[in-house]
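Asker: I need the structure of the sequence given here:
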Amino acid sequence: MTFAYYTGCRVDEIRNLRWNQVNLAEKIVALNPMETKNEEGRPLYLNEDLLNEMHNLHSNRHLGCPYVFQRDGQQIKDSRWAWKNACIKAGLFRIAKDEQGKEIKVPSKIFHDLRRTAVRDMVRSSVPERVAMRISGHKTRSVFDRYNIVSDKDLEEAARTREEHLAK
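Answerer: Numbering: from 1, shown residues only. The predicted model follows:
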């Protein structure tokens, strides 16, 4: 989750990430061209939180397993149950009914929401949009704009910023 939150990577880019793509000394991860959705490689520079997480993963890696994100030395193929449990523990769920009419907890977020969050956070942190697009692997402005959603809080902030500018 931490890796997705900071990088905006797609779930398959994360699942397929191998240690030979990670350079902890240089604080960089290299996504290979044929392993990204748009078939373009890209470097990901690690901030301190992400670097610490990667050091922790490296220290606890399963020797012989090339994958950064693994379970018991095997590549993670499906993380839906782990995601569901994490959402429920965090209180991010809604109540629904199963086929028998029994109430169940259903996550109110999907893993891909972390991609949207990463894009929004980059833009709101004053990362230029073209740079955010490169980090997240978005090739087109139209798709990027779908991730960079404008909220009421954004509109309120714009009014405040403009007011401060005009006051100067």
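
Asker: Could you report the separation of the closest residue to residue 61 other than its chain neighbours from residue 134?
Answerer: Leaving out its chain neighbours, the residue that sits closest to residue 61 by C-beta to C-beta, 6 or more residues apart in numbering is residue 19, at 6.9 Å. C-beta coordinates here come from the backbone N, C-alpha and C atoms, glycine included. Computed with C-beta to C-beta, to the nearest Å, the distance linking residue 19 and residue 134 is 23 Å.

Asker: what is the rounded mean pLDDT of the strand or helix carrying residue 116?
Answerer: In the assignment (DSSP states H and E), residue 116 maps to helix 113-124. Taken as a whole, helix 113-124 has a mean pLDDT of 90.

Asker: now do stretch 29-37
Answerer: For stretch 29-37, the mean confidence score works out to 88.

Asker: Check the closest residue to residue 73 other than its chain neighbours and give its pLDDT.
Answerer: Excluding its sequence neighbours, the residue lying closest to residue 73 (C-beta to C-beta, 6+ apart) is residue 62, at 3.7 Å. At residue 62 the predicted local distance difference test score is 93.

Asker: dump the residue contacts of residue 62.
Answerer: Residues in contact with residue 62 (C-beta atoms under 8 Å, 6 or more residues apart in numbering) are 70, 72, 73.

Asker: Pull out the buried members of the residues you listed.
Answerer: Burial by neighbour count, 16 or more other C-beta atoms under 10 Å: within the contacts of residue 62 this picks out residue 70.

Asker: Out of the contacts of residue 62, the closest to residue 90 would be?
Answerer: Comparing the contacts of residue 62 against residue 90 with C-beta to C-beta picks out residue 70 as the nearest, at 23.2 Å.

Asker: Disregarding residues adjacent in the polypeptide, which is nearest to the closest one?
Answerer: Using C-beta to C-beta, 6+ apart and skipping the chain neighbours, the partner closest in space to residue 70 is residue 62 (5.8 Å).
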